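> Okay, predicted coordinates and the sequence, questions at the end:
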Amino acid sequence: MNELTAPIAPAIPNRVSIASSCSNVEFTVSLWTGRKKDKRASAQVTSDNNAESGSAGVYKKLFGNCPELEAITKHVGNVRNHIHYRMTMPWSDLGQRLLVTAMLPDYQRMMSEAQVEFWRLVAEFMKVYQWEVSQASAKMGTLHRPEDYPSEDEIREKFAFRVMYTPVAENDFRCDVGSEQLQDMQEAYDQFYPAQINQAMQHVHDVTVKTLTKLHSSIDWEEGEKKGKIFESVFDSCLEQIDMLETCNLTGNTQMSAVHAKLKAQFTGKGMQGLSPEALKEDAVLRRQTRDVIADAIKTLPSLEM
């Protein structure tokens, strides 16, 4: 735990209010990676180095460097990290994440656009697939195996982009079991539910502290000292995360609300229309004031670690 963080006892949210103000969302993607383990080459490497069987593996890039395939992989990573993970909070080990209803329209719009782009990139890859297969023998040398390359139809089936929404479950078991087993199930869920809420809130806390710390480090200098680099992407991430403090305050935590209000006033309040990376770089007073507000926020932002 950050030594500057003041831990507090988390409030247990009303179960019905969480179920009505949030939903679970699961994002799954299937890809053909263009990589395959070569058992024969792996065995050869192991033997050549007097290593124990199974201690080394050779994984082939079947097309070498293929820009069209790499573009799909890069796009999926961006969608997962910059849309899905950024706009949702952890919920279960099964891949479900918590999405606040207020963010649902933006999330759906961005994921829909991302899905369209995904299939556009897949189509671009399919246009060059047969050509890449024809060039593979020259690229792969003795590592080439014709059976490593599926047909176009088989390859197309390996790509998928799915977003599934489900309601947040409430403790309403209607299983045909004995009263003792039903009570055990209810008690287990009564422990699970607040723990998952705390995990989601801790995620908001951790991302906020990490984001604010980056900006604080970039403006932690005085006149005459070497100027830090204030990246616009870091500044914009702070603005987004400040809004998340309010939108994702599932427990109605008053301390978190107070931190949000103070940060919001500093970044976008009256008289702060000029706050920008450039303004922070040029204005020593503004830079010092913003730095102090961020430091105070990091100190007082409640931690929900159990």
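Looks like it arrived, so ask away.
> Doesn't Phe161 belong to a helix?
No - counting by DSSP: H, G, I helix; E, B strand; the rest coil, Phe161 falls outside a helix, being strand.
> ok, it touching Trp119?
Yes - using Cβ atoms under 8 Å, Phe161 is in contact with Trp119, at 7.1 Å. All C-beta atoms are positioned from the backbone trio N, CA, C, and that covers glycine.
> So for the two, which sits in the more crowded spot?
Phe161 (20 against 12; other Cβ atoms under 10 Å).
> Next up, the contacts around the more buried one.
Phe161 makes contact with 29, 114-115, 118-119, according to Cβ atoms under 8 Å, 6 or more residues apart in numbering.
> partner residues bridging it?
In this entry, Phe161 is beta-bridged to Val29, by DSSP bridges.
> same deal with Tyr59?
Note on Tyr59: beta-bridge partners by DSSP bridges are Lys37.
> Could I get the pLDDT score of it?
pLDDT for Tyr59: 83.
> Any idea how many residues pack against it?
12.
> Roughly how far does it sit from His205?
38 Å (Cβ to Cβ, to the nearest Å).
> And Leu239, by the same measure?
Taking Cβ to Cβ, one finds Leu239 at 18 Å from His205.
> Which residue of these two possesses the greater neighbour count?
Taking neighbours as other Cβ under 10 Å, Leu239 and His205 compare with His205 leading, 22 against 15.
> ok, that one touching Thr300?
No - using Cβ under 8 Å as the test, His205 is too far from Thr300 to be in contact (11.4 Å).
> Show the buried residues in the contacts of Phe161.
Among the contacts of Phe161, those buried by neighbour count (16 or more other Cβ atoms under 10 Å) are 29, 114, 118.
> Point out where the chain drops to low pLDDT.
Scanning the chain for pLDDT under 70 picks out 1-17, 93, 170-193, 223-227, 269-274, 302-306.
> Domain parsing of it, as residue ranges.
As recorded under automatic domain parsing, the domains making up the chain are 23-167, 193-300.
> Just give me the residue closest to the centre of this structure.
Nearest to the geometric centre of the chain sits Tyr85, at 2.6 Å (Cα atoms, centre = their mean).
> In a strand, that one, correct?
No - per three-state DSSP, Tyr85 lies outside any strand segment and is helix.
> Who are the contact partners of it?
So Tyr85 contacts Arg97 (Cβ under 8 Å, 6+ apart).
> let's number from 501 now, not from 1
Right, with 501 as the first residue, what we last looked at is Tyr585.
> Could you export the buried ones among the contacts of Phe661 as TSV, including distance to Pro667?
Output for those, formatted as TSV (distance: Cβ to Cβ, whole Å):
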residue	distance to Pro667
Val529	23
Ala614	23
Phe618	26
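> closest to Lys574 among these?
Using Cβ to Cβ, Phe618 comes nearest to Lys574 of the buried ones among the contacts of Phe661, at 11.2 Å.
> next one: the helix or strand the closest one falls within to chain centre, how far?
Element membership of Phe618 [criterion: DSSP states H and E] is helix 604-640. In terms of Cα atoms, centre = their mean, to the nearest Å, the centre of helix 604-640 is found 21 Å from the chain centre.
> List the buried residues of that helix.
Applying 16+ other Cβ under 10 Å to helix 604-640 flags 607, 610-611, 614, 617-618, 621-622, 625, 629, 632-633, 636, 639-640 as buried.
> Show me what it is packed up against.
strand 522-530, helix 567-579, helix 585-587, helix 652-657, strand 660-667 (3 or more Cβ pairs under 8 Å, 6 or more residues apart in numbering; DSSP states H and E).
> Check the gap between Glu632 and Ser757 for me.
When Glu632 is compared with Ser757 (using Cβ to Cβ), they lie 54 Å apart.
> Repeat that for Arg662.
Taken as Cβ to Cβ, the span from Arg662 to Ser757 is 35 Å.
> Comparing these two, which shows the higher neighbour count?
Ser757 (13 against 10).
> who's in contact with the host helix or strand of the more buried one?
Ser757 belongs to helix 754-768 when assigned by DSSP H and E. Defining contact as Cβ under 8 Å, 6+ apart, one finds that helix 754-768 is touched by 506, 508, 705, 712, 738-739, 742, 745-746, 749, 772, 775, 789-790, 793-794, 796-797, 800-802.
> again, but for stretch 538-556
Residues outside stretch 538-556 that contact it (Cβ under 8 Å, 6+ apart): 557-560, 643, 645.
> out of these, what pair is the most spread apart?
Gly557 and Arg645 (15.7 Å).
> nearest spatial neighbour of Arg791, skipping sequence neighbours?
The shortest distance from Arg791 to any residue other than its chain neighbours is 5.3 Å, reached at Ile719 (Cβ to Cβ, 6 or more residues apart in numbering).
> With that, I have no additional questions.
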